[in-house]
Every structure is written in structure tokens, then in C-alpha cells.
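*Asks:* quick check, what structure comes out for this input:
(2 chains)
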Amino acid sequence: MAKEEYQTKIRSQDLSLFYGEKQALRNISLDMYANKVTAFIGPSGCGKSTFIRTLNRMNDLIAGVKITGSAFIDGIDVYGPGINVVNLRKRVGMVFQKSNPFPKSIYENIAYGPKVNGITKKSDLDDIVETSLRGAALWNEVSDRLHSSALALSGGQQQRVCIARAIAVNPEILLMDEPCSALDPISTMKIEELICELKANYTIVIVTHNMQQAARVSDYTAFFYIGELVEFGQTKNIFTKPVKTQTEDYITGRFG
Amino acid sequence: MREHRKSFIGFLAMRLPMLATLLIILTIVLIIGDFFFAGIGHVTWEFLTQPPRNANTEGGILPAIIGTAELVLLMSLAAVPVGTITAIYLTEYARQTSIFARIIRFAVNTLAGVPSVVFGLFGLGFFIQTVGGQMDQVRWDQRMKSLHAVIAAPASPVAGNHIATVALVQTYLQKADNGDWTDQATKLNGFPRGTVARVNADIVERYFRNSVELNWGKPGLIWAALTLALLTLPVVIVSVEESLRTVPRDIREASLALGATKLETIIKVVIPNSLTGILTGSILAIGRGAGEVAPILFTGVVYSAQEGPHALTDQFMHLGYHLYILATQSTNVEATQPLQYATTLVLLVLTLALNLSAILLRSHIRRRQVA
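*Replies:* Coordinates of the predicted model:
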């Protein structure tokens, strides 16, 4: 295996998270590599979504959350002093479980992030909208109706609008929280193909309940169980010869 | 027997709601129908475009229409922004359990339960006497200073300890400064005139000092509008709050995840998505405010006026109050009755038109959002 494959983009170190008294994450330490897809699997409530939301500090919005430990992006702790959360979120894009386009036109959805970041020139915005939609493999389907509502699109198209919207601000990392859980198999396939294309430019972290999906799209897989990282490794190893029995039980469908 | 009773209850359960619905429809039809047929004949072009004449027994209601419209407009300008901002604070910023948020909520609920006439008295005491009175006093004190300077100037006939006739002081004041004291100088007419009446600087100043001119410290459009705004504030706050809460969390998160700040998210995502709710709140407030008479009783409404208000401090006529006047204070009941019907019809049409335009606006925005 070539050395450059191990270029760490995100490093989580002893990261713990508490919802009030309840501990939801227990000393999570792992590295996520640049231009790789890292998948998080595990039963519901095991903390995988909570974990990826710590990476762009979306958990800050929930009252009563306490976080200890560190999450480094390019070696800088996102929980360190002087970190601007808004700038962090521009670098770390996110796609949510339920597609959540703004109730605006497709164009306005994609242009929202760039506009917030101060891009106002119409021609620039036009370019960004087109590149982002092409990047999300949606351009051919919607180029003739950019100004109609994003809510009129199908579920799969809406989710790709959300992906286009996320990449429109040119992030370095894409966090995807079960992006296909509400989609039909064909839409899911399109998004999976998209993920494989996107990793050329982005570091992707994806949470999924679907183990076939994790096996198909990811390079590395982490198995979470009740707030703990049980096992982390190359996807092919995790799925063919897991070290821990818990992992094996889960992926072979004995529980979960 | 039991079967019989059961079927009777079933019968009641079905018919009672229907009856209640019918009653409501009947009431509306009766009210609108009665006033429509009795009033329509008197709603003439003249009625809508002329001021009242002959102690409100003839002529039209134009000043009342203008007065009501301006009052409601000013009230909305005050209540809607303040209410919206309060609602935004309460839903978006305040921690729901914080003491401060609870106090605000308690205050809003209490405000909603205060009888409207109490608002009127409050407006009189607070806005007119305290705020307006203070504004007048400050302005008057400034003018007294300039008067003092003018009177003490070397050119003044009463400079130093000199004594002069009232007429001389008047002439001097009228041309002494840039006309600032012209209107006041004529007031000296109250003084005993002629060569006998001589005054010194002290007397002139004392005379003016005791005659504070009322401008803000009297009933006027602005105070009536602010009083009404207080009354409608809870309506705005509650409905805007409700509409803000309906904006789903996931689109707020989507905006934040794109690097928008909280304020940007509120302005660009939350408010546009609850615009219909904010509009509804404003319309409810306007509807409530347009119909209230008690709060404006002491704060600016008048029995009769020849024109609509031109300045914020002007007193004004109001459709609701005009109705009350026509119904209770008429010198000629026969002549007044058709005017009453017609005024009521105008008030009803205005209110319905307001509601209708609101509904149209709302559905238009909703359509634009979905399409």
C-alpha cells in the first residue's frame, strides 16, 4: 500500500460527548484520510451521527451538550480557542439524512451558500450553480428549470440538490448523514456513484445503516456500538475478516 | 329503551354542531345583509368624499375614513416590527427556560388580557402627559433660553432694567429674531395695552414661562396609534412566534452547515419561510386595532373634523367612534340613521377588504414558495 494513502485529514482524539448526564460518545480516536471515503456503521443510537456532527460543530446548537477531547482538521483542533465556527462550517460541508432543500428555486438553493460567503456577481453565481449541479450529477436533469422550486423535484433529485448546495461553497470535507436512507434503489445508486466521483476532490465521511452501501462506497469503515468505536480499518478488512466479534456479529446480521 | 336513547344522542351529536354552524352563518348573513341593504342607498360619492356637516347630520365621512386608515397604518408600523423582533428573540435567541424569557412571556400574556379602555387611560397618562408633556417642556425650555437672549439683547426696549410699553415689546419681538417669536409676540395682546401698560424684561419672561404651548402633550394621532400598537402587540408576538416555530429545524441546520451565521439564517431562511405567519399576525393585529375604539377615546379621536389628520399631533375622526357618536349623540335621530347604516357598511367593507387582501397576499406568497 502506497504511503500517500495515509494522509490524515481529520483526526479525532479522545473525543467524548455528553447530552447532559448521558454520555453519547466515549473517547473516540480515529483518523480519516484525505480523498477517501470513511463510512460509519452501527446500530441506531450508537453515536455515529452524533460523531460526524461534532466535526462541523453542529452539536453546538443543541442545549446541554458538552464535548471533551479534540477533533483536528489539518492538525488544527476545531474545539480549540479562536476557532470561528462559521468558517469551519464553510470548510466542512454537510448533507443530511432527510433531504432538506430550502423552499426556494433550485438556483437559489445552490447560490445560497456562495451568496452568504459574499459572492454577488450574477455570472459568478451562474458558474457556481452549473458546476455544482454538474458535480452532483443533476445538471442534465434540471438545467431547463433552474428557477422552479426545488421542492417539486423527486426525493433523489432533492438529495442531489442538497449535495450540490454543499459543494457549492467549495468545502474540503463532506459529511453525509445517511444520505440515502429515504431514497429508492435507483436514486441510491446515483448518489453512490456520485460519492465515488466526489472523493477525488473531497474527503468524505458517511454514516450509513446499509452495510452493502458501506462496502460499496467506502475505503475505510468504522463500527460504532453504544458510543464506542469498536473497530476501524480498511473496508475490505472489516467486511471480510473483522477482528472483533461484535463487528462480525453486526455485519453478519446477528444483531442490530 | 337504551337503543332509543343512544339514537337520540347520536341525533343530537350530529345536529348540534350543524345548528351551531348555521347560527354563525346566519349571524354573518344577517349582519352583513342588514347593513348592506339599509346602508347601500346612502353610500354615495358625496358621502365618501365630503366631510360631515351640520353637527354630523349631513355630509360625508371622508375625514373618518382617512383618520382610520392613517391610524391603522401608523399602528402597524409600530406594532409589527416590534412584535416581530420580540417574537424572533423569544423563539430564536432566548433560552426557553431563562427567567428573562419567562418574564417576557408572562408580560405578553398579561398584556393580552388587559381591558382596552385601560390601554386608553394608560395612553393618556403615559404617552400624552409623561412623554408628550416632557417633549413639550424640553422644547419650551429651549425657546425660553432664546427668548431670554432676545430680551436681554442691547437692541431690546426692555434691556437692562428698562421699562417699555407692551406695544413696543411686541413690535421688537416680531422682528427681533428670524420670526421665531412672532406667534408668541401676538400673545402679549393679553396684556393691558396702551401707554399705561409698561413691562420690564422680568414680566415678559414670567408671562411666557407660565404659558407652555401644547404640541405633543395633547391627544393626537401618534399617541392613539402607539396606544393601539400596545394593545395589538401580543397578537403580533404570539402569531409570529407560532409561525417561526413551524420553520423546520432541518432547513435551519442546512443554512448553518453552509457557513451562514445565525443572523443570516434567521434573515434569509427563517423569516422568508414564516412570512405568511408574520403577515397573518399583522392582519390579525390590524383587524383588532381597526375595530377598537376605547384605546383612542382619550388619546386622539374627535367628535368631528373637516379634514383627515395632516400631522402626527393632529386629532382625527375614526369610523368606529363616529358610529358611536352618530348612535348616541345625535341632535336629529331621523337624519342620522341613514348615515349610521352607511358608515357601518363602509367600516364593514374596509375590514372585509383588508382581510381579503391579506388572504390573497398570503396565498400568493404560498404559491410562489411551492411553485
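*Asks:* use CA for all of it now, contacts and neighbours both
*Replies:* Noted.
*Asks:* low pLDDT regions in the stretch 151-256 of chain A?
*Replies:* Scanning the stretch 151-256 of chain A for pLDDT under 70 picks out A:255-256.
*Asks:* tell me the residue of it that sits nearest chain B?
*Replies:* Scanning the stretch 151-256 of chain A for proximity to chain B using Cα to the nearest Cα identifies residue A:166 as nearest, at 6.6 Å.
*Asks:* what about that residue, neighbour count?
*Replies:* 31 (other Cα atoms under 10 Å in any protein chain shown).
*Asks:* and the helix or strand containing it, what does it pack against?
*Replies:* Using DSSP states H and E, residue A:166 sits within helix A:155-167. With contacts taken as 3 or more Cα pairs under 8 Å, 6 or more residues apart in numbering or on different chains; DSSP states H and E, helix A:155-167 sits against strand A:92-95, helix A:106-116, helix A:122-135, helix A:185-198.
*Asks:* what packs against the last one?
*Replies:* Under the contact definition 3+ Cα pairs under 8 Å, 6+ apart, helix A:185-198 sits against helix A:155-167, helix A:211-217.
*Asks:* give me the buried positions along the last one.
*Replies:* Of the residues in helix A:211-217, those buried under the neighbour-count criterion (16 or more other Cα atoms under 10 Å in any protein chain shown) are A:211, A:213-215, A:217.
*Asks:* do stretch B:232-246 as well
*Replies:* So, applying 16+ other Cα under 10 Å, buried residues of stretch B:232-246: B:232-244.
*Asks:* and if you look at stretch A:107-124?
*Replies:* For stretch A:107-124, by 16+ other Cα under 10 Å, it's A:107-114, A:116.
*Asks:* that older thread, how about the residue of the stretch 151-256 of chain A closest to chain B, nearest residue that isn't a chain neighbour?
*Replies:* Leaving aside its chain neighbours, residue A:166 sits nearest to residue A:93 (5.3 Å; criterion: Cα to Cα, 6 or more residues apart in numbering or on different chains).
*Asks:* how many neighbours does the one you found have?
*Replies:* 29.
*Asks:* taking chain B, what residue is nearest to chain A?
*Replies:* Relative to chain A, the nearest point of chain B is residue B:259 (4.6 Å; Cα to the nearest Cα).
*Asks:* which one of the helices and strands packed on helix A:155-167 lies closest to residue B:36?
*Replies:* Residue B:36 lies closest to helix A:106-116 among the helices and strands packed on helix A:155-167, at 48.0 Å (Cα to Cα).
*Asks:* tell me how far the closest one lies from the chain's centre.
*Replies:* 19 Å (Cα atoms, centre = their mean, to the nearest Å).
*Asks:* mind putting the buried residues of stretch B:232-246 in JSON lines, secondary structure included?
*Replies:* Converted to JSON lines, the buried residues of stretch B:232-246 look like this (DSSP: H, G, I helix; E, B strand; the rest coil):
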{"residue": "B:232", "secondary structure": "helix"}
{"residue": "B:233", "secondary structure": "helix"}
{"residue": "B:234", "secondary structure": "helix"}
{"residue": "B:235", "secondary structure": "helix"}
{"residue": "B:236", "secondary structure": "helix"}
{"residue": "B:237", "secondary structure": "helix"}
{"residue": "B:238", "secondary structure": "helix"}
{"residue": "B:239", "secondary structure": "helix"}
{"residue": "B:240", "secondary structure": "helix"}
{"residue": "B:241", "secondary structure": "helix"}
{"residue": "B:242", "secondary structure": "helix"}
{"residue": "B:243", "secondary structure": "helix"}
{"residue": "B:244", "secondary structure": "helix"}
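*Asks:* in these, find the pair that's most separated.
*Replies:* B:232 and B:244 (18.5 Å).
*Asks:* around chain A, pick out the residues from the stretch 151-300 of chain B.
*Replies:* With Cα under 8 Å from any Cα of the partner chain as the criterion, the stretch 151-300 of chain B meets chain A at residues B:250-251, B:253-261, B:264, B:269, B:273.
*Asks:* which of those residues count as buried?
*Replies:* B:250-251, B:253-261, B:269, B:273.
*Asks:* now the residues you listed as CSV including secondary structure and pLDDT?
*Replies:* Converted to CSV, these look like this (DSSP: H, G, I helix; E, B strand; the rest coil; pLDDT from 0 to 100):
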residue, secondary structure, pLDDT
B:250, helix, 88
B:251, helix, 90
B:253, helix, 91
B:254, helix, 92
B:255, helix, 93
B:256, helix, 92
B:257, helix, 91
B:258, coil, 91
B:259, coil, 89
B:260, coil, 91
B:261, coil, 90
B:269, helix, 91
B:273, helix, 86
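*Asks:* of all the residues you listed, which two lie farthest apart?
*Replies:* B:259 and B:273 (19.1 Å).
*Asks:* ok, residue A:230 touching residue A:224?
*Replies:* Yes: look at residue A:230 against residue A:224 with Cα atoms under 8 Å: they come within range, at 5.6 Å.
*Asks:* what about these two, which has more around it?
*Replies:* Between residue A:230 and residue A:224, counted using other Cα under 10 Å, the more crowded position is residue A:224 (25 against 17).
*Asks:* dihedrals phi and psi, the closest residue in space to residue A:6 that isn't next to it in sequence?
*Replies:* Excluding the flanking residues, the one nearest residue A:6 by Cα to Cα, 6+ apart is residue A:33, at 5.9 Å. Per-residue torsions, residue A:33: phi -100, psi 150 (degrees, to the nearest 10).
*Asks:* and residue A:69, that's in a strand?
*Replies:* Yes: assignment of residue A:69 by three-state DSSP places it within a strand.
*Asks:* so who does it touch?
*Replies:* By Cα atoms under 8 Å, 6 or more residues apart in numbering or on different chains, the residues touching residue A:69 are A:12-16, A:27.
*Asks:* how close does it sit to residue A:57?
*Replies:* According to Cα to Cα, to the nearest Å, residue A:69 stands 13 Å off from residue A:57.
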